[in-house]
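# Build me a structure from this.
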Amino acid sequence: MDAHRRWHHVPVPNLRRSLVPPAVEVAGLVTCGAVVVALTAMAGPSVLAVALWIGGAIVAWGWAGMLALPAPRGTAVVLLAGSLALVLSAGLDVDQPWLAWVPGALALSLIAAFVHQLLRVDGRPRIVESVSSVAFALGLLTCGVLLVPLAHTAQGAALVAATVAGAAASAVSDTLGHWPAARPWLVPIALMVGGAAAVAVAVLLGESWSVFLLAGVVAGAVSHAVRSVMRMLPTMAHSRPRLVMAVCSLLVTGPIAYAVALALLPAVAVS
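Purely as a prediction, here's the structure:
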């Protein structure tokens, strides 16, 4: 009984520590990704589309391994093709609001996900988990595509830069989680630093800081939430899933920037 208690007591804390990825590494990855997205947005929608496809390729490369899904090669092919279709649908659209082809691309990608399951020859174990996970990944990729239309205007590109800056700032604030006393305050800190980073970008680019503040606060919160959910996966002990998590925490900010533009800067979102 004593031996059993010792075995039960010791590994559990070690396992919990192994589930938490190094916050500094993730913060660095998110910050680098945010810089790339911000610079490519200012370069134009086509350049931003290429950067988003690279992010989609990273997700396709590591998604199945992060979730330990069956048929990882087929999953990677579906996600890679889906990310290319989604990016092309937004990048090649020449009519406002530059998103008319995105629903069709997403529908074809979902059909490809189901066809992949039909073509599996391994007995199709965990088929529901596999389909739902691929659909979730395609949803995240679609979120990122919503940044492309904003890059058609200088103010929209600035809004993209401010939004991803808020996500990067919240990733940096996650490093405070190494101190137990700071952990209960990580969410409000993420909101605060996300808004501050967005305001700093707005001031630097000469834009209205109040609108950008809203985008930064929400982006900081949502990005922090995505990392908080994904970091508990056992596979986060490896570098590839951590890279996928960093990319996903940036892609998820797409609807935030687009919604803020649609509500408060309609000329940016639709013209």
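
# Within the helices and strands, which one has the closest residue in space to residue 101 that isn't next to it in sequence?
Sequence neighbours aside, residue 89 is the residue nearest to residue 101 in space, at 3.7 Å (criterion: Cβ to Cβ, 6 or more residues apart in numbering). Backbone N, C-alpha and C define where each C-beta goes, glycine included. Assigned by DSSP states H and E, residue 89 falls within helix 72-91.

# After that helix, heading C-terminal, what element do we hit next?
helix 102-119.

# any residues touching the helix or strand just after that next one, and which ones?
Following helix 102-119 in sequence order, the next helix or strand is helix 127-145 (DSSP H and E). Residues outside helix 127-145 that contact it (Cβ atoms under 8 Å, 6 or more residues apart in numbering) are 52, 55-56, 59-60, 63, 67, 69-71, 75, 78-79, 82-83, 86-87, 89-90, 99, 102, 106, 109-110, 113-114, 116-117, 248, 250-255.

# how about the helix or strand following helix 127-145: buried residues?
Next helix or strand after helix 127-145 toward the C-terminus (DSSP H and E): helix 154-173. Of all the residues in helix 154-173, those buried under the rule 16 or more other Cβ atoms under 10 Å are 155-173.

# now do stretch 77-93
For stretch 77-93, burial by neighbour count (16+ other Cβ under 10 Å) applies to 78-80, 82-91, 93.

# what's the answer for stretch 133-148, then?
Neighbour counts using 16+ other Cβ under 10 Å place 133-134, 137-138, 140-148 of stretch 133-148 among the buried residues.

# what do you get for stretch 241-257?
Across stretch 241-257, burial judged by 16+ other Cβ under 10 Å covers 241-257.
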